[in-house]
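Chemist: pasting the structure only:
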């Protein structure tokens, strides 16, 4: 009994290192365990002693390696983990001696170590370990960047806080890292210490790589390069610092993060991608691939809708620009979703905004009938945009919500026409535009318009465009009839080169005109032409529309000759001065049978050219010489042209100021209607009016808001 007490006393006084070195430890423990009453006491004592040793010796000794001020090196990190592993492994014989092979005891001691390590992490440890991993990652990344230089890619080493000089990881150090990863996993430090650092570093570097090599890179594929980066850099790095059993898990998480981050980047750039389409097709292909792996379609819809509303759907944007972006959106979004559902959702606001603009239909028609436009190419192809699944001959736009039509595989032209729910308005506006084009051509060349019409017939059918066909025939017939009449007795000896467009009253759209008395020289020519027409077409007659035509005059003045092409009504004003050099305004207005304000507008053209001058209420022919020689004459003509342009704008500006003062805010169609009503002999197009008014907005003389112009 005294022997047992003596040996027990020595055990209690000894510490773990002394017990491990003592030869009699196992003998003493075996002797004590021979007594059933003491066996339990020995086990409790062994566990308490081992836990105390772990808390007071093993854990502090391990963390002491992370308290140095110098950077953590691979060798130091590996040595610290090896020392921890050795300390724990050396306990196993002692624990087995005292407690047998009960696995619960060793699990308890392992748990004690894990809890102790995780609750006593020095503040510097994560920072030091992160710096170590960062240097290791930089070494792998540097090797990949060197191999990737042939792709004209800038080095991304600045993404790692600074361009650190990282030596390549040797095979020996690579082995140390892998062994350290196993030890971290074995003693429960992998998830608590290493995993957050590795995960954060990978995500950080993936985002940096995306920003450096993929941002604004819309014309070439980038996703495959990110995959190559993951295989060449991220995978070897993780294999070096993580236990192999978690390989599939981290790779799946990193791939998902890259897909999501890449999709987020491209979603933010989608408006610009659409602008650059089709050059940006590679960026759309990458985005489509990412969306297959992530649930970000809602983010795309929200982001692109907001971009449209902010950057496109506002009064300052031209309708042609909005329409061009919508056309690009149709084509680009079909790459992401061929069913049309995405297009329907994202572009709902765009369609509604285009419907609210009065000039949309005209811009649309001009785009479709523009010889160099992609839409005209679609008409030429006759099979839409290449889907090849539905013949154009089988399609007729129908009334209803335009969005419903987008789910079927239709070409761009079909979708655009359905903005207005069908073809009726489109055809009516095309008829009006065709009339303007034909009348403004001043010749009989209808080849281009005939080609356009034949292509449109394939789309909309013969019946819908029958009236347009008749309009073109009118122009073609006008050439033949005019030639016959000019060769006939009525105009054979006429000194005036006269030609006419003969239009079918019931076919052509309503044309604005203004009653005016033509001078005898013009009136007699028209009367002779009408007589010749009646001889050719019995029981038919002609009605002159003088403000729709044009007269080219050569005006001989002292020292200069001026040639001008003006409407007949404007020419009539000047031709009145052939018989007398001056006219009182009221008398001339009565002679021409027009109101004085109309006369003033028509005379203003000749006043600007310096051919007439105004003296009080009298208009006088300006016969003074204004050029001493040819050089001065040319300079004066240039100055007069500039003055004409400025005066033209100023006259319209004065009318606009008056209208906006009296009627308040007005939109382009209303302003244009009133301008052309007051200045019928000098009509302006909607494009010219908009350009002029937008210039006044830029000069802050007008305010443009909600599609209407107003005075500030």
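Modeler: On my side now, so go ahead. Given the structure is predicted, the values throughout are model-derived calculations rather than measurements.
Chemist: give me the distance between residue 511 and residue 105.
Modeler: Relative to residue 105, residue 511 is positioned 106 Å away (Cβ to Cβ, to the nearest Å). Quick note: C-beta positions are derived from backbone N, CA and C, even for glycine.
Chemist: who has more neighbours out of the two?
Modeler: Legend: neighbour count by other Cβ atoms under 10 Å for residue 511 and residue 105, higher for residue 105 (18 against 14).
Chemist: can you pull the contacts of the spatially closest residue to that one that is not a sequence neighbour?
Modeler: Distances taken as Cβ to Cβ, 6 or more residues apart in numbering place residue 99 nearest to residue 105, at 4.5 Å, with adjacent residues excluded. Counting by Cβ atoms under 8 Å, 6 or more residues apart in numbering, residue 99 touches 43, 46, 47, 105.
Chemist: pLDDT at residue 99, what is it?
Modeler: Looking at residue 99, its pLDDT reads 73.
Chemist: do the same with residue 569
Modeler: We have a pLDDT of 81 for residue 569.
Chemist: that one contacts residue 603, doesn't it?
Modeler: No. In this structure, residue 569 is not within contact of residue 603 by Cβ atoms under 8 Å, at 11.2 Å.
Chemist: who has more neighbours, those two?
Modeler: More crowded of residue 569 and residue 603, by other Cβ under 10 Å: residue 569, with 27 against 22.
Chemist: what about that one, which helix or strand?
Modeler: helix 568-575 (DSSP states H and E).
Chemist: tell me the SS of the nearest residue to residue 481 once chain neighbours are set aside?
Modeler: Among residues not flanking residue 481 along the chain, residue 502 sits closest, at 6.0 Å (Cβ to Cβ, 6+ apart). Here residue 502 is recorded as coil under DSSP: H, G, I helix; E, B strand; the rest coil.
Chemist: number of residues surrounding residue 502?
Modeler: Residue 502 has 18 nearby residues by other Cβ under 10 Å.
Chemist: ok, it - contacts?
Modeler: 474, 477, 478, 481, 482, 533, 542.
Chemist: check residue 148 and give its pLDDT.
Modeler: pLDDT, residue 148: 54.
Chemist: and what of residue 608?
Modeler: In this model, residue 608 carries a pLDDT of 78.
Chemist: what's the answer for residue 461, then?
Modeler: At residue 461, the model reports a pLDDT of 81.
Chemist: report how many residues lie close to it.
Modeler: Neighbour count for residue 461, taken as other Cβ under 10 Å: 14.
Chemist: how close does it get to residue 135?
Modeler: 73 Å.
Chemist: what of residue 472?
Modeler: Taken as Cβ to Cβ, the span from residue 472 to residue 135 is 78 Å.
Chemist: separation between the nearest residue to residue 196 once chain neighbours are set aside and residue 132?
Modeler: Closest residue in space to residue 196, ignoring its immediate chain neighbours: residue 126 at 7.9 Å, by Cβ to Cβ, 6+ apart. According to Cβ to Cβ, residue 126 and residue 132 sit 11 Å apart.
Chemist: more neighbours: these two, which one.
Modeler: Neighbours were counted for residue 126 and for residue 132 using other Cβ under 10 Å; residue 132 has more, 19 against 16.
Chemist: how near is residue 312 to residue 298?
Modeler: From residue 312 to residue 298 the distance is 21 Å (Cβ to Cβ).
Chemist: who has more neighbours out of those two?
Modeler: Taking other Cβ under 10 Å, residue 312 and residue 298 do not tie; residue 312 has more neighbours (19 against 9).
Chemist: so who does that one touch?
Modeler: 271, 321, 322, 325, 350.
Chemist: one more pass at 7 Å, please.
Modeler: With contact taken as Cβ atoms under 7 Å, 6 or more residues apart in numbering, residue 312 is in contact with 322, 325.
Chemist: and it, its phi and psi?
Modeler: Backbone torsions for residue 312, taken as degrees, to the nearest 10, come to phi -130, psi -50.
Chemist: pLDDT value on it, please?
Modeler: 87.
Chemist: tell me, how many residues neighbour residue 250?
Modeler: Counted by other Cβ under 10 Å, the residues lying close to residue 250 total 18.
Chemist: which SS class is it?
Modeler: Here residue 250 is recorded as helix under three-state DSSP.
Chemist: helix/strand/coil for the nearest residue to it once chain neighbours are set aside?
Modeler: Of all residues not flanking residue 250 in the chain, residue 238 sits nearest, at 5.5 Å (Cβ to Cβ, 6+ apart). On the three-state scheme (three-state DSSP), residue 238 is labelled helix.
Chemist: from residue 213, how far out is residue 238?
Modeler: Applying Cβ to Cβ to residue 238 and residue 213 gives a distance of 20 Å.
Chemist: neighbour count winner among those two?
Modeler: residue 238 (24 against 18).
Chemist: for that one, give me the pLDDT.
Modeler: We have a pLDDT of 80 for residue 238.
Chemist: that one touches residue 252, doesn't it?
Modeler: No. If you go by Cβ atoms under 7 Å, residue 238 and residue 252 don't touch, sitting 11.9 Å apart.
Chemist: buried set for the helix or strand harbouring residue 486?
Modeler: Take DSSP H and E as the rule and residue 486 turns out to sit in helix 466-487. The neighbour-count check on helix 466-487 (16 or more other Cβ atoms under 10 Å) flags 467, 468, 471, 472, 474, 475, 478, 479, 481, 482, 485, 486 as buried.
Chemist: can you tell me the closest non-neighbouring residue to the first one?
Modeler: Counting by Cβ to Cβ, 6+ apart, residue 467 lies nearest to residue 507, which is 5.4 Å off, once chain neighbours are set aside.
Chemist: and the fourth one, by the same measure?
Modeler: The spatial neighbour of residue 472 that comes closest, neighbours along the chain excluded (Cβ to Cβ, 6+ apart), is residue 446 at 5.2 Å.
Chemist: number of residues surrounding the one you found?
Modeler: 21.
Chemist: the one 5 residues further on too?
Modeler: One way to gauge burial is a neighbour count; for residue 451, by other Cβ under 10 Å, it gives 15.
Chemist: hang on, residue 619 is in a helix, isn't it?
Modeler: No. Residue 619 is assigned strand when assessed by three-state DSSP, not a helix.
Chemist: pretty sure it contacts residue 612?
Modeler: Yes. Applying Cβ under 7 Å as the test, residue 619 and residue 612 come out as touching, 5.4 Å apart.
Chemist: who touches both of the two?
Modeler: Both residue 619 and residue 612 are in contact with residue 603, where contact means Cβ under 7 Å, 6+ apart.
Chemist: who has more neighbours out of those two?
Modeler: residue 619 (26 against 20).
Chemist: which residues touch that one?
Modeler: Taking Cβ under 7 Å, 6+ apart, we find residue 619 in contact with 582, 583, 585, 588, 603, 612.
Chemist: need the max-distance pair from the residues you listed.
Modeler: Using Cβ to Cβ, these reach their maximum pairwise distance at 582 and 603, which is 12.1 Å.
Chemist: could you report the pLDDT at the most centrally placed residue in the chain?
Modeler: What sits nearest the mean C-alpha location of the chain, by Cα atoms, centre = their mean, is residue 271, with 2.3 Å. pLDDT, residue 271: 93.
Chemist: same thing with residue 404?
Modeler: Looking at residue 404, the pLDDT reads 40.
Chemist: same check, this time on residue 664
Modeler: pLDDT, residue 664: 76.
Chemist: need the nearest residue in space to it, chain neighbours excluded.
Modeler: residue 710 is the one closest to residue 664 (Cβ to Cβ, 6+ apart), at 6.6 Å.
Chemist: next SSE downstream of the worst-scoring helix or strand of the chain on mean pLDDT?
Modeler: None of the helices or strands of the chain scores lower by mean pLDDT, DSSP states H and E than helix 402-405, at a mean of 40. Next helix or strand after helix 402-405 toward the C-terminus (DSSP H and E): helix 412-417.
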